[in-house]
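Undergrad: structure for this input, please:
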Amino acid sequence: MTDTGIHRPLAAPAAVPGPGSPEDLAHRLIPDWELKPDGLDAVRALPSFASKLRACEQVLGLRYDRAPHAVQDALTLRRVRQLVNTVLLNPLWRSRLAGAGVTGAPADWEDWQRIPLSDKELQRDFFMGERAGMVIPLSEGGFEIVASGGTSSGLPLETVYPLTELRDTYELAGRFMGEHQLARYLTGDAPKWLCTTLADYQMWSSGTMVGGVLQQVPGVNYIGAGPVTAPVLEHMFGYPGPKALMGITAGIAILSELGAAMGQEARESFRVAMYGSGVLSRRKRAELLAVYPNVVVLSYFAATQAETIGLQLRSESPVLAAVPGLHLIEIVDQRGRWVGEGEEGELVVTRLHGHEAPLLRLKLGDRMVRRPRLDGPELRTQQFEFAGRTGEVLHLNDSQYSAAAAYRAVCRQLLLAGGPDLAELAHDVQFVNHRESRSLVLLASVDDVPGLSHLVEAVLGPHTVHRVFLDALPQALSLFNHGEANPASIEKSGYGFRIQLVARASAEIERTAVGKVPLVRDRG
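TA: Presented below is the predicted three-dimensional model:
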């Protein structure tokens, strides 16, 4: 796919002044009289941040996603300074920031990291009910309410976005997706298709926000399908031309079943399967490839507060790329400070677009590993790698282990012990931690329950399985806690360990109302 109008034409570089230093350019793009609005009328009159990105492109003679990192950093810092000045017009935000000793805009990134992190409880307090955290009142109109199903908490969560903000962010993310993620796969002269099976009802963020992005990918035809049956999927895939489909992880995993009886030409036209936040197992990937021989599987990482946080650009690398100019993405430690490259931390997002209802430094409940920036001529952006949900932690007495890392380590140790390859064979997995009785059970749904259970229980035996966990769990400690536990200390914890294999549809694996399988479930 060549450049098909994904980006606006740029003015000739010779026709505009030189950029000067990155800081000078950022100051020119967001001048002082815009940096600190003095009231609500001034906020209403602020130019959009998208217009600043376009102006930056004109000055540089480059698309923004190719701009030097120093330029991107300077403009982003200038923008978050403007955001802080804007929220300080709201008494609720003013009180919150003052409680952390913040009374003005940050002078630099070090200063920015002193701004307290927000969580979903604060999001609920500020943007539900009276919605008192908005700078511009809801009564003025022009907003959209977006909801989350509350997968983690069980409670619904809403927030508010100006329609103008969503328009700009959808266009920015859609252009990036078409240029950097889909272009190499959706090729040829036939019509190109981008479908989504997300969202039973459109108030959900997955239905509105992700769907809004997908509709803005240039050069493709969009289908907002919602949940599909095998006949509906076959009908859609029967359209001439290459297909890409985005859905939740479980929705992508089931496509191998839905397409089993589909015609060969339709199956071969499926080129890109994009799954939502989380991890798609090797077993599921292999099943998809067996049915759809030309498909590649990529991650589309999103959340209620950020419709496109990170996109996996290459199937051979799990690293996610941010969309330059869309959000400020931070990977932070427990104090809200940035972690170093290669270190794991909490994912924190601040939307950069929209003036009417900003939300600063929101923790999304995900763990990420910070990776080196991408710094090529075609794309310069931030990169990170999904490490698991924040709540997916195994608590064994006073020690905490990453459940995702623990599962990977158990798979490795089980293979070394002569056991089955759960990474290849398991459909869904879930740790059940019985804290009171000190028992940790790994549930795994597989096809051959009797045969694999015999291998685990009779051939390996309880002692070997116990040893597998003792050797695996120390590998799941965080970077700074590697010396905290070893097999001997875990043995002294009094915990017992077991692997239980169950059928694919087993009710023993707990699922959320939307069909997701939490990796960890704690019991009393």
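
Undergrad: show me where the stretch 301-450 of the chain has its strands.
TA: Counting by DSSP state E, counting those that start in this stretch, the segments of the stretch 301-450 of the chain that form strands are 306-312, 320-321, 327-332, 344-351, 362-375, 380-389, 393-396, 399-402, 429-434, 439-445.

Undergrad: so can I have TSV of the ones you listed showing mean neighbour count and mean pLDDT?
TA: Glycine gets a C-beta too; all of them are placed from N, C-alpha and C. TSV is the format used below for the strands of the stretch 301-450 of the chain (neighbours: other C-beta atoms under 10 Å; pLDDT from 0 to 100):
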stretch	mean neighbour count	mean pLDDT
strand 306-312	25	92
strand 320-321	23	96
strand 327-332	22	96
strand 344-351	22	94
strand 362-375	19	92
strand 380-389	22	89
strand 393-396	19	82
strand 399-402	20	79
strand 429-434	19	91
strand 439-445	21	94
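
Undergrad: right, and these - which one's nearest residue 229?
TA: strand 439-445 (22.4 Å; C-beta to C-beta).

Undergrad: would JSON lines of the strands of the stretch 301-450 of the chain with distance to residue 146 be doable?
TA: JSON lines is the format used below for those (distance: least, C-beta to C-beta, whole Å):
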{"stretch": "strand 306-312", "distance to residue 146": "9"}
{"stretch": "strand 320-321", "distance to residue 146": "22"}
{"stretch": "strand 327-332", "distance to residue 146": "15"}
{"stretch": "strand 344-351", "distance to residue 146": "12"}
{"stretch": "strand 362-375", "distance to residue 146": "14"}
{"stretch": "strand 380-389", "distance to residue 146": "21"}
{"stretch": "strand 393-396", "distance to residue 146": "28"}
{"stretch": "strand 399-402", "distance to residue 146": "30"}
{"stretch": "strand 429-434", "distance to residue 146": "29"}
{"stretch": "strand 439-445", "distance to residue 146": "33"}
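
Undergrad: surely residue 456 is in a helix?
TA: Yes - looking at residue 456 with DSSP: H, G, I helix; E, B strand; the rest coil, it is inside a helix.

Undergrad: poorly predicted segments of the stretch 1-150 of the chain, please.
TA: Along the stretch 1-150 of the chain, segments meeting pLDDT under 70 span 1-19, 149-150.

Undergrad: strands along that one, start to end?
TA: Under DSSP E, counting those that start in this stretch, the stretch 1-150 of the chain gives strands at 143-148.

Undergrad: that one: helices as residue ranges?
TA: Secondary structure of the stretch 1-150 of the chain (DSSP state H, counting those that start in this stretch): helices at 22-29, 32-35, 40-44, 49-60, 69-87, 91-99, 109-112, 120-127.

Undergrad: let me have the ones you listed in CSV, extended by distance to residue 158 and mean neighbour count.
TA: What follows is the helices of the stretch 1-150 of the chain, written out as CSV (distance: least, C-beta to C-beta, whole Å; neighbours: other C-beta atoms under 10 Å):
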stretch, distance to residue 158, mean neighbour count
helix 22-29, 33, 18
helix 32-35, 30, 12
helix 40-44, 22, 14
helix 49-60, 23, 20
helix 69-87, 19, 21
helix 91-99, 16, 14
helix 109-112, 27, 15
helix 120-127, 6, 19
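
Undergrad: quick one: closest of the ones you listed to residue 264.
TA: helix 49-60 (43.8 Å).

Undergrad: mind giving me the packing neighbours of that closest one?
TA: helix 22-29, helix 69-87, helix 163-176 (3 or more C-beta pairs under 8 Å, 6 or more residues apart in numbering; DSSP states H and E).

Undergrad: which neighbouring elements make contact with the first one?
TA: What it means is helix 22-29. Using 3+ C-beta pairs under 8 Å, 6+ apart: helix 22-29 touches helix 49-60, helix 69-87.

Undergrad: out of these, nearest to residue 182?
TA: Short answer: helix 49-60, nearest of the helices and strands packed on helix 22-29 by C-beta to C-beta, at 21.2 Å.

Undergrad: what angle do the closest one and helix 69-87 make?
TA: 150 degrees (axes from the mean of the first three to the mean of the last three C-alpha atoms, to 10 degrees).

Undergrad: please state the offset of helix 49-60 from the chain centre?
TA: 26 Å (C-alpha atoms, centre = their mean, to the nearest Å).

Undergrad: same check on stretch 285-305?
TA: 15 Å.
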